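*Asks:* Build me a model:
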Amino acid sequence: MRTLVLGLGNPILSDDGIGIKIARAIKKKIKNVEVVEASAAGFRIVDQILGFDKLILIDAIQTEESEPGTIHLLNPQDLKNARHSSSIHDISFFDALDIYKKNGEAVPREIIIYAIEVEQTDIFSEDLTSKVAAALPKAVDRIINDNFQPQNNKLVKQ
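*Replies:* Model prediction:
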């Protein structure tokens, strides 16, 4: 099964970079995993995920209902109507996927979304806030444990 880890966010907007930072950490720990980093969604990134069986999407989220650092496990339906899932210049990532799928493209059959509750996304900084920074290694471990069976020595770097 071909799996892609897609880290979304902007690494110079504080906590908004958590998805990319988690994806980079996974790349360091897992052999032969394909990782893509993106700061945009919609049509602009769909081509990068074609041909994969499974997509692990990692991004920041602000629900204002959970503590910063909370790790949410979501599915695409959970985000279909999210406030920032698209811009006025693009359609949402999931709408773009639907279009590609209807046209017979090989889109991932399985999409898993890990969304990290964030605190600060509108200040220029490469640093995460303390609660989000503390969640980073926990999120990396959870994603690896959930998806890459770390007990298999062939997958995890020693």
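
*Asks:* alpha carbons only for contacts and neighbour counts from here, please
*Replies:* OK.

*Asks:* how about low-confidence regions in this structure?
*Replies:* 41-43, 79-91, 150-158 (pLDDT under 70).

*Asks:* Mind jotting down where the strands sit in it?
*Replies:* Taking DSSP state E, the strands of the chain run over residues 3-8, 34-38, 54-61, 71-74, 110-117.

*Asks:* nearest to residue 23, of these?
*Replies:* Judged by Cα to Cα, the one of these that comes nearest to residue 23 is strand 3-8, at 5.1 Å.

*Asks:* Wait, residue 124 touches residue 15, no?
*Replies:* No - the pair residue 124 / residue 15 is not scored as a contact, 9.9 Å apart, by Cα atoms under 8 Å.

*Asks:* Those two: which has the busier surroundings?
*Replies:* Legend: neighbour count by other Cα atoms under 10 Å for residue 124 and residue 15, higher for residue 15 (34 against 13).

*Asks:* circling back: between residue 124 and residue 15, which contacts overlap?
*Replies:* Listed as contacting both residue 124 and residue 15 by Cα atoms under 8 Å, 6 or more residues apart in numbering is no residue at all.

*Asks:* still on that earlier bit, could the strands of the chain be laid out in CSV, adding distance to residue 140 and mean neighbour count?
*Replies:* Output for those, formatted as CSV (distance: least, Cα to Cα, whole Å; neighbours: other Cα atoms under 10 Å):
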stretch, distance to residue 140, mean neighbour count
strand 3-8, 11, 24
strand 34-38, 13, 17
strand 54-61, 10, 23
strand 71-74, 10, 16
strand 110-117, 10, 20
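
*Asks:* need the ones you listed in TSV with distance to residue 21, can you?
*Replies:* Converted to TSV, the strands of the chain look like this (distance: least, Cα to Cα, whole Å):
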stretch	distance to residue 21
strand 3-8	7
strand 34-38	9
strand 54-61	9
strand 71-74	14
strand 110-117	11
